[in-house]
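Novice: my questions are about this predicted structure, shown below with the sequence.
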Amino acid sequence: MEQKRPLGLILIGSFYIFGAFVLILTLFTNATEQFGIAVRFGLPNVPENIMKVFVSIISLVMAYGYLELKKWGYWFSIVFNIYFLIVSISLYLQYSQQYGQYGRQPFLGNALWSIAVLIYTLKIKHFLKKGFVV
(Lines give C-alpha, C1' and ligand atoms only; values in the text may rest on other atoms or scores of the structure.)
Protein backbone atom coordinates (compact mmCIF):
# COMPACT_ATOMS: atom_id res chain seq x y z
CA MET A 1 0.00 0.00 0.00
CA GLU A 2 1.35 3.38 -0.94
CA GLN A 3 1.54 6.10 1.68
CA LYS A 4 1.36 9.87 1.36
CA ARG A 5 4.53 11.88 1.66
CA PRO A 6 4.58 13.68 5.04
CA LEU A 7 3.45 17.30 4.98
CA GLY A 8 6.56 18.38 6.89
CA LEU A 9 8.81 17.16 4.09
CA ILE A 10 6.78 19.06 1.53
CA LEU A 11 6.82 22.25 3.62
CA ILE A 12 10.56 22.16 4.31
CA GLY A 13 11.43 21.43 0.69
CA SER A 14 9.04 24.13 -0.50
CA PHE A 15 10.54 26.71 1.85
CA TYR A 16 14.00 26.01 0.43
CA ILE A 17 12.69 26.39 -3.13
CA PHE A 18 10.87 29.62 -2.20
CA GLY A 19 14.01 30.97 -0.50
CA ALA A 20 16.13 30.19 -3.56
CA PHE A 21 13.73 32.08 -5.85
CA VAL A 22 13.64 35.05 -3.47
CA LEU A 23 17.44 35.16 -3.48
CA ILE A 24 17.46 35.08 -7.28
CA LEU A 25 14.92 37.93 -7.37
CA THR A 26 17.08 40.05 -5.07
CA LEU A 27 19.81 39.93 -7.70
CA PHE A 28 17.62 42.19 -9.84
CA THR A 29 16.42 44.57 -7.14
CA ASN A 30 18.06 47.12 -4.92
CA ALA A 31 17.28 45.11 -1.80
CA THR A 32 19.55 46.10 1.05
CA GLU A 33 19.99 44.29 4.30
CA GLN A 34 22.02 44.94 7.39
CA PHE A 35 23.47 41.44 7.10
CA GLY A 36 23.71 40.02 3.60
CA ILE A 37 23.53 36.37 2.68
CA ALA A 38 27.32 36.08 2.60
CA VAL A 39 27.52 37.21 6.23
CA ARG A 40 24.69 34.86 7.24
CA PHE A 41 26.65 31.93 5.85
CA GLY A 42 29.84 32.99 7.58
CA LEU A 43 31.63 34.14 4.41
CA PRO A 44 31.60 37.95 4.61
CA ASN A 45 34.46 38.38 2.11
CA VAL A 46 32.61 36.63 -0.73
CA PRO A 47 30.78 39.03 -3.08
CA GLU A 48 27.09 39.17 -2.26
CA ASN A 49 25.78 38.38 -5.76
CA ILE A 50 28.04 35.35 -6.13
CA MET A 51 26.90 34.09 -2.75
CA LYS A 52 23.23 34.57 -3.66
CA VAL A 53 23.64 32.47 -6.80
CA PHE A 54 25.64 29.82 -4.94
CA VAL A 55 23.14 29.53 -2.07
CA SER A 56 20.22 29.46 -4.52
CA ILE A 57 21.74 26.57 -6.46
CA ILE A 58 22.61 24.68 -3.28
CA SER A 59 19.08 25.21 -1.92
CA LEU A 60 17.42 24.01 -5.12
CA VAL A 61 19.60 20.89 -5.33
CA MET A 62 19.01 20.12 -1.66
CA ALA A 63 15.26 20.69 -1.97
CA TYR A 64 15.08 18.35 -4.97
CA GLY A 65 16.84 15.55 -3.11
CA TYR A 66 14.79 16.19 0.01
CA LEU A 67 11.44 16.22 -1.79
CA GLU A 68 12.32 13.16 -3.87
CA LEU A 69 13.29 11.27 -0.68
CA LYS A 70 16.82 10.60 -1.90
CA LYS A 71 19.37 9.42 0.64
CA TRP A 72 21.80 12.06 -0.59
CA GLY A 73 19.07 14.68 -0.08
CA TYR A 74 18.65 13.48 3.50
CA TRP A 75 22.37 13.72 4.24
CA PHE A 76 22.80 16.95 2.28
CA SER A 77 20.04 18.52 4.36
CA ILE A 78 21.59 17.34 7.62
CA VAL A 79 25.09 18.60 6.75
CA PHE A 80 23.77 21.91 5.38
CA ASN A 81 21.65 22.57 8.47
CA ILE A 82 24.40 21.61 10.92
CA TYR A 83 26.75 24.04 9.16
CA PHE A 84 24.09 26.76 9.08
CA LEU A 85 23.29 26.15 12.77
CA ILE A 86 26.93 26.44 13.86
CA VAL A 87 27.49 29.60 11.81
CA SER A 88 24.22 31.14 13.03
CA ILE A 89 25.00 30.49 16.69
CA SER A 90 28.52 31.90 16.38
CA LEU A 91 27.24 35.00 14.55
CA TYR A 92 24.43 35.36 17.10
CA LEU A 93 27.02 35.49 19.88
CA GLN A 94 29.33 37.81 17.94
CA TYR A 95 26.71 40.32 16.80
CA SER A 96 24.80 40.38 20.08
CA GLN A 97 27.87 41.95 21.65
CA GLN A 98 28.35 44.47 18.84
CA TYR A 99 24.78 45.45 17.93
CA GLY A 100 22.64 44.40 20.87
CA GLN A 101 19.22 42.78 20.61
CA TYR A 102 18.38 43.84 17.05
CA GLY A 103 21.73 42.76 15.62
CA ARG A 104 21.27 39.18 16.68
CA GLN A 105 17.65 38.53 15.66
CA PRO A 106 18.33 37.28 12.09
CA PHE A 107 20.87 34.80 13.38
CA LEU A 108 18.57 33.52 16.11
CA GLY A 109 15.83 32.90 13.54
CA ASN A 110 18.28 31.05 11.29
CA ALA A 111 19.46 28.91 14.20
CA LEU A 112 15.90 28.04 15.22
CA TRP A 113 15.00 27.10 11.63
CA SER A 114 18.06 24.84 11.40
CA ILE A 115 17.20 23.17 14.71
CA ALA A 116 13.60 22.57 13.61
CA VAL A 117 14.65 21.11 10.25
CA LEU A 118 17.29 18.91 11.88
CA ILE A 119 14.91 17.55 14.50
CA TYR A 120 12.21 16.82 11.93
CA THR A 121 14.62 15.30 9.42
CA LEU A 122 16.34 13.11 11.99
CA LYS A 123 13.00 12.04 13.46
CA ILE A 124 11.45 10.78 10.25
CA LYS A 125 12.66 7.66 8.52
CA HIS A 126 10.82 8.16 5.22
CA PHE A 127 14.06 8.51 3.30
CA LEU A 128 14.79 4.86 3.95
CA LYS A 129 11.36 3.54 2.95
CA LYS A 130 9.89 3.04 -0.49
CA GLY A 131 6.33 3.31 -1.70
CA PHE A 132 5.58 6.97 -1.10
CA VAL A 133 3.49 9.01 -3.47
CA VAL A 134 3.40 12.75 -3.96
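Specialist: Looks like it arrived, so ask away.
Novice: contacts and neighbour counts: CA atoms only from here.
Specialist: Will do.
Novice: what are the boundaries of the strands in the chain?
Specialist: 3-4, 132-133 (DSSP state E).
Novice: least confident of those strands, on average?
Specialist: With a mean of 48, strand 132-133 has the lowest mean pLDDT of the strands of the chain.
Novice: where does this protein dip in pLDDT?
Specialist: Across the chain, the ranges flagged by pLDDT under 70 are 1-3, 31-34, 96-104, 126-134.
Novice: now with 50?
Specialist: Applying pLDDT under 50 to the chain flags the ranges 1, 131, 133-134.
Novice: next up, the contacts around the spatially closest residue to residue 110 that is not a sequence neighbour.
Specialist: When the adjacent residues along the chain are set aside, residue 110 lies closest to residue 88, with 6.2 Å between them (Cα to Cα, 6 or more residues apart in numbering). Going by Cα atoms under 8 Å, 6 or more residues apart in numbering, residue 88 touches 40, 41, 107, 108, 110, 111.
Novice: isn't the third one up against residue 86?
Specialist: So the one you mean is residue 107. No. Contact status for residue 107 versus residue 86: not in contact, 10.3 Å apart, counting by Cα atoms under 8 Å.
Novice: distance of the residue nearest to residue 110 relative to residue 51?
Specialist: 16 Å (Cα to Cα, to the nearest Å).
Novice: then residue 21?
Specialist: 14 Å.
Novice: higher neighbour count, these two?
Specialist: residue 51 (20 against 16; other Cα atoms under 10 Å).
Novice: how deep is residue 72 tucked in, by neighbour count?
Specialist: Residue 72: 13 surrounding residues under other Cα under 10 Å.
Novice: quick one: contacts for the residue nearest to it when sequence neighbours are not counted?
Specialist: Distances taken as Cα to Cα, 6+ apart place residue 65 nearest to residue 72, at 6.6 Å, with adjacent residues excluded. Neighbour list for residue 65: 71, 72, 73, 74 [criterion: Cα under 8 Å, 6+ apart].
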